[in-house]
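Student: Provided below for reference: sequence and predicted model.
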Amino acid sequence: MTGDPHDSGDTHDPGEQPGQCGKKCDARANLGGRERLTRLADFLFEAGMLRKTPRTGYQFLGSGSENVAEHSFRTAVVGFVLAEMAGADAERTAMLCLFHDLHEARTGDFNYVNHMYNSSRRTDALHDALAGTGLTKRVLAFWHELEEVDTPEARLAQDADQLDLILNLKEELDLGNAYAGKWLESALERLRTEEGKALGARIVKTDHTDWWFKGPDASWWENKNGKRRKTPAADGSAGDTKKE
């Protein structure tokens, strides 16, 4: 994504056609005869590769881990939430988020240090992934909208990408990684929309455990399994029923 520290821009020889890997191989050379249904199966297996593709920035942070599929899922949820806040098209925003890192099944995820020395041909990777599926036009429309950042939904999706990182960084900060605080400051500066900035500021002020720890009465955590037990009274009767 544009401005995303986990992504790079497309660079390739102007005379090179999509699907040619550094002029050494054609990624689609043997796919022309495959039926559409087979190519759809191929595509879904490829999407599954995102579960095995790590987000590589965490090795520099020193703690935390995440794969691209995990990142894409919550980014889509965050995008939906932001669009609801903004009165934008929530479903479209979620779709922009869902497909935003699909190319990384082929290119891998680049962190800031990787960017100093490497670049990837993201659009070519998407063309190769989608060839023969019948989905190219629609998915690439999402991709180009996101990259051009001309619509409210695209701007919200860009912020959703950053907010997923911000959520992870806040969790690592809560768990004691002081470096995550520096990363948080930078990530917050990348937010574009008022909704994204407001949500980012609130995330930073919220403990990542509050959603489950603060809900029940404190006695729930103080007593074994939250169950109630009978304690004998001094006179030997059954006595009061208490939580345990």
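Tutor: Okay, I see it.
Student: Could you measure from the residue nearest the centre of the chain over to residue 89?
Tutor: Centroid-nearest residue in the chain: residue 71, 2.2 Å away (criterion: Cα atoms, centre = their mean). Separation of residue 71 from residue 89 (Cβ to Cβ, to the nearest Å): 22 Å. Using the backbone N, CA and C atoms, a C-beta is placed for each residue, glycine as well.
Student: Next: residue 44.
Tutor: 26 Å.
Student: So between these two, which is more surrounded?
Tutor: The residue with more neighbours, out of residue 44 and residue 89, is residue 89; 15 against 10, by other Cβ atoms under 10 Å.
Student: Skipping its backbone neighbours, what lies nearest that one in space?
Tutor: residue 153 (5.5 Å; Cβ to Cβ, 6 or more residues apart in numbering).
Student: Near that neighbour, how many other residues are there?
Tutor: 26.
Student: and it, what element?
Tutor: Taking DSSP states H and E as the criterion, residue 153 maps to helix 152-174.
Student: gap between that helix and the chain center?
Tutor: The chain centre lies 8 Å from the centre of helix 152-174; the measure is Cα atoms, centre = their mean, to the nearest Å.
Student: Quick one: mean pLDDT over the helix or strand harbouring the residue nearest to the centre of the chain.
Tutor: In this structure, residue 71 sits in helix 68-86 according to DSSP H and E. Across helix 68-86, pLDDT averages out at 99.
Student: swap in stretch 127-142?
Tutor: Here the average pLDDT along stretch 127-142 is 96.
Student: Please apply the same query to stretch 209-229.
Tutor: Rounded mean pLDDT across stretch 209-229 is 85.
Student: Could you do stretch 165-178 as well?
Tutor: pLDDT averaged over stretch 165-178 gives 98.
Student: who touches that stretch?
Tutor: Applying Cβ atoms under 8 Å, 6 or more residues apart in numbering, the contact partners of stretch 165-178 are 61-64, 66, 74, 78, 180-181, 183-184, 187-188, 200, 203-204, 206-209.
Student: Just the buried residues of that stretch, please?
Tutor: 165, 166, 167, 168, 169, 170, 171, 172, 173, 177 (16 or more other Cβ atoms under 10 Å).
Student: Check stretch 124-135 too.
Tutor: 124, 125, 126, 127, 128, 129, 130, 131, 132, 133, 135.
Student: Columns distance to residue 51 and secondary structure on top of these, output as JSON lines?
Tutor: Formatted as JSON lines, those follow (distance: Cβ to Cβ, whole Å; DSSP: H, G, I helix; E, B strand; the rest coil):
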{"residue": "124", "distance to residue 51": "23", "secondary structure": "helix"}
{"residue": "125", "distance to residue 51": "17", "secondary structure": "helix"}
{"residue": "126", "distance to residue 51": "18", "secondary structure": "helix"}
{"residue": "127", "distance to residue 51": "22", "secondary structure": "helix"}
{"residue": "128", "distance to residue 51": "20", "secondary structure": "helix"}
{"residue": "129", "distance to residue 51": "15", "secondary structure": "helix"}
{"residue": "130", "distance to residue 51": "19", "secondary structure": "helix"}
{"residue": "131", "distance to residue 51": "22", "secondary structure": "coil"}
{"residue": "132", "distance to residue 51": "23", "secondary structure": "coil"}
{"residue": "133", "distance to residue 51": "20", "secondary structure": "coil"}
{"residue": "135", "distance to residue 51": "20", "secondary structure": "coil"}
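Student: just these now: which is nearest residue 55?
Tutor: residue 125 (16.9 Å; Cβ to Cβ).
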